Each structure stands twice: as structure tokens, then as C-alpha cells.
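>>> Just to be clear, the model below is a prediction. Sequence and coordinates:
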Number of protein chains: 2
Amino acid sequence: MNLVPIYSCLADETRLRMVHLLARTPLCVCHLQSLLNLTQVAASKHLAYLRKHELVAGRRHQQWMIYSLPTKPSRELALQVRALQECARLDPVLRDDLRRLAEIEPDCCWAGQALEGPGRAKHSPRLKSKRTPLITP
Amino acid sequence: MNLVPIYSCLADETRLRMVHLLARTPLCVCHLQSLLNLTQVAASKHLAYLRKHELVAGRRHQQWMIYSLPTKPSRELALQVRALQECARLDPVLRDDLRRLAEIEPDCCWAGQALEGPGRAKHSPRLKSKRTPLITP
DNA sequence: GGTTCATATTCCTGAATCGGAATATGCATC
DNA sequence: GATGCATATTCCGATTCAGGAATATGAACC
């Protein structure tokens, strides 16, 4: 019954929105945090939960952790993510998440380049605390 | 975010199996109870949970409560149930549930007649405690 | 009206989970 | 190696939920 952990992960609004965003593009924790307006602890804990249940994978790039859906998701996960994406078109919150993601995508070094390569760190390290603020809430 | 209650309901193996069975045909509590090998309390409580979150509807027929998916499910629910049914084909437990359901379907007065009409009580009332035992565990 | 059957509700206990505060770790720069 | 930043982990307290035992309700039959 590999379905139950998937549903458990999605049974929380924050995690649901995270998976939905990550289904579109890999993101680092601070992007997720500002997109979803989360405290650092909340973001990290929910990501740990998703990692534990293998809904997302994280890799470190320099000082940042980049999260994404697994490279080779199980068939169940793939089907569920697709269903989620279909439903998301009916949901104002999820649609708005995607809209705000699109706004920052040009600024985001990870957008579109999935898991391949380390990526040029447009997420510029050492920029005097001026880390890409994305959406300022 | 009407998706979260749906996922919460499915985030438990018993409820997941209930919804999966009910997606195929309406069933009374005692059928679900024996198909899933549940205590009376467990069956009733999980159904109450599903009812509270509007994933199932119950109607009384004589002494029995017949549960089924809602007559007019939301689009989200319909999509999720379809995704579940697709995934179910990959899952041994869920497939076996359907197999055992098929075995008792001829004996089951509710099979196939959905929500219309009261149905002939093949679930014969007053048959001296010899209620259709279905699967004897 | 009393009995029986099918189902629901209540009360309990134990486990899991969430949110926040504080602290720890790992990488990068100086 | 000290400092700063991004992230993770730990330790609370509050809430939620599952499972079992006992009890309550409601319909049907006598």
C-alpha cells in the first residue's frame, strides 16, 4: 500500500502546495519559504516529512538545498501528481502559487533546469544578505 | 483548498480501501466490515470520518445503512477517485479487495443498483440472524 | 412493550503531528 | 579559524486520531 504515504503527505495544505510547486520546477528552501510565507522551521520540517516519505529529493548546491520531485518517481506518485495538477487548475490558492512562481522564475537559477548540472549560481552567494528576495510579503 | 480533506480521508489504509470499494458499488456497513475484516466500531468510525468530510453519503434502508460515493461528487473528488482507481490496479491489496467484492456481488442486493430505488431486500431482514455472511473470515 | 439486529456514539489511552523557540550543522567568505 | 548565512534537528505543549470496551439509538419483529 504505497499510496497511503503519498496521501499522508498531501493531507496538509503546506505540503500539498510544496509538492504542487515542485511538480513544476525544483526549488530551494528559501524560495519555498517565501512563496508559501512560511517560517524557516515550518518549511524545513515539512520538507523533512516529504523526504522521509520519498515524495521529494534534496541535493545540496553550495549553501542551498535544492528540492525536487524524485528523478524516477513510482508510477503511483506520477499518477497522483498528475491528478493533483489537474485539480490545481480549479483551486485559487494553487493557481496563485503558480502565478507567483512564474513571476520569480526569471530570477530563479533553478527554473527549468531540473536536476541536471550544478547551475550557475545566479542565487548569488555572498551578496551581503541580499539573497534573491523573490516575493517580499 | 477542498483537496486537503479528500487527501486526509485517503491517508489511512482502511478508509482508502473503503473509498475504493465504494467507488465500485454502494455497500452497507456489514459488507464493508467483513470485506475489510474490521470490528464494528472501526467500520463505523471510519465511515463517520468519511461522512464528515463528505466523501461518502449514507442512507438508511430498513435496518441497514447503505454507503456510497456522493451522487454529485465535486470535480476534485471525481478526479481523485479516478486517479485512485488507476493506482489500484497496481496494488495487490486493492485488487484483492475488488476480487473478493466480485465474489459476493451476486449475493449483494446493492450491487450495481447505485442509489436509485430502495431495492428488493435480498439482504433479507428477519432471517434469524442469518444475515448474508458474505466472506466468512 | 420487549427483544434482536445493525449501526452510532462516548470514554479512554497511546501514538503521531504541528507550531514555535532554541540550538546545531555545513558551506563559504574573510 | 571566526563569522555569516541557509538549513536541519531537538525540545516543548497542544491537538488530532486510531483502537478497544461499553453503551446508546433506531428499525423490525414477536
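Thanks, I have it. Numbers count the residues shown, from 1 in each chain, chains lettered A, B, ... in the order given.
>>> Please name the nearest non-neighbouring residue to A:Arg60.
Excluding the flanking residues, the one nearest A:Arg60 by CB to CB, 6 or more residues apart in numbering or on different chains is A:Ile66, at 7.6 Å. Heads up, the C-betas are built off the backbone N, CA and C, glycines and all.
>>> Assign the one you found to helix, strand or coil.
A:Ile66 carries the three-state label strand when classified by DSSP: H, G, I helix; E, B strand; the rest coil.
>>> Run the angle between the helix or strand harbouring A:Ile6 and helix B:3-10 for me.
In this structure, A:Ile6 is located in helix A:3-10 according to DSSP states H and E. For helix A:3-10 against helix B:3-10, the angle by axes from the mean of the first three to the mean of the last three CA atoms, to 10 degrees is 150 degrees.
>>> for the residue nearest to A:Arg60, which residues make a bridge with it?
A:Cys28, A:Arg59 (DSSP bridges).
>>> Number of residues surrounding A:Leu38?
Summarising burial for A:Leu38: neighbours were counted as other CB atoms under 10 Å in any protein chain shown, giving 19.
>>> For it, give me the pLDDT.
Per-residue confidence (pLDDT) for A:Leu38: 94.
>>> With A:Ala48 instead?
At A:Ala48, the predicted lDDT confidence score is 96.
>>> how many neighbours does it have?
For A:Ala48, using other CB under 10 Å, the count is 12.
>>> Let me know the helix or strand that it is in.
In this structure, A:Ala48 sits in helix A:40-52 according to DSSP H and E.
>>> Per-residue pLDDT of A:Ser129, please?
Looking at A:Ser129 specifically, the model assigns a pLDDT of 36.
>>> Distance check, A:Asp96 against DNA strand D.
Taken as CB to the nearest atom of the strand, to the nearest Å, the spacing of A:Asp96 relative to DNA strand D amounts to 22 Å.
>>> whoops, A:Thr25 was the one
When distances are taken as CB to the nearest atom of the strand, A:Thr25 and DNA strand D turn out to be 15 Å apart.
>>> Next: A:Asp12.
Applying CB to the nearest atom of the strand, one obtains 11 Å for the distance of A:Asp12 from DNA strand D.
>>> Which helix or strand in chain A has the lowest average pLDDT?
Least confident helix or strand of chain A, by mean pLDDT, DSSP states H and E, is strand A:57-61 with a mean of 89.
>>> residues contacting the most centrally placed residue in chain A?
For chain A, the residue nearest the mean C-alpha position is A:Leu22 (3.5 Å; CA atoms, centre = their mean). Shown in contact with A:Leu22 (CB atoms under 8 Å, 6 or more residues apart in numbering or on different chains): A:56, A:67-69.
>>> Quick one: the helices in chain A, in order.
Listed in chain order, the helices of chain A (DSSP state H) span A:3-10, A:13-22, A:29-36, A:40-52, A:75-88, A:92-104.
>>> and the third one, what does it pack onto?
Right, the one you point to is helix A:29-36. When contacts are defined as 3 or more CB pairs under 8 Å, 6 or more residues apart in numbering or on different chains; DSSP states H and E, helix A:29-36 sits against helix A:13-22, helix A:40-52, strand A:64-68, helix A:92-104.
>>> Briefly note if the second one comes near chain B.
No: applying CB under 8 Å from any CB of the partner chain, one finds helix A:40-52 separated from chain B by no less than 12.3 Å.
>>> okay, the angle between that helix and helix A:29-36?
Going by the same axes, to 10 degrees, helix A:40-52 makes 110 degrees with helix A:29-36.
>>> Also the shortest one?
Our comparison of strand A:64-68 with helix A:29-36, counting by the same axes, to 10 degrees, yields an angle of 60 degrees.
>>> packing partners for strand A:64-68?
Using 3+ CB pairs under 8 Å, 6+ apart as the contact criterion, the secondary-structure elements in contact with strand A:64-68 are helix A:13-22, strand A:27-28, helix A:29-36, helix A:40-52, strand A:57-61.
>>> does any bit of that strand sit next to DNA strand D?
Yes: applying CB under 7 Å from any atom of the strand, one finds strand A:64-68 in contact with DNA strand D at A:64-65.
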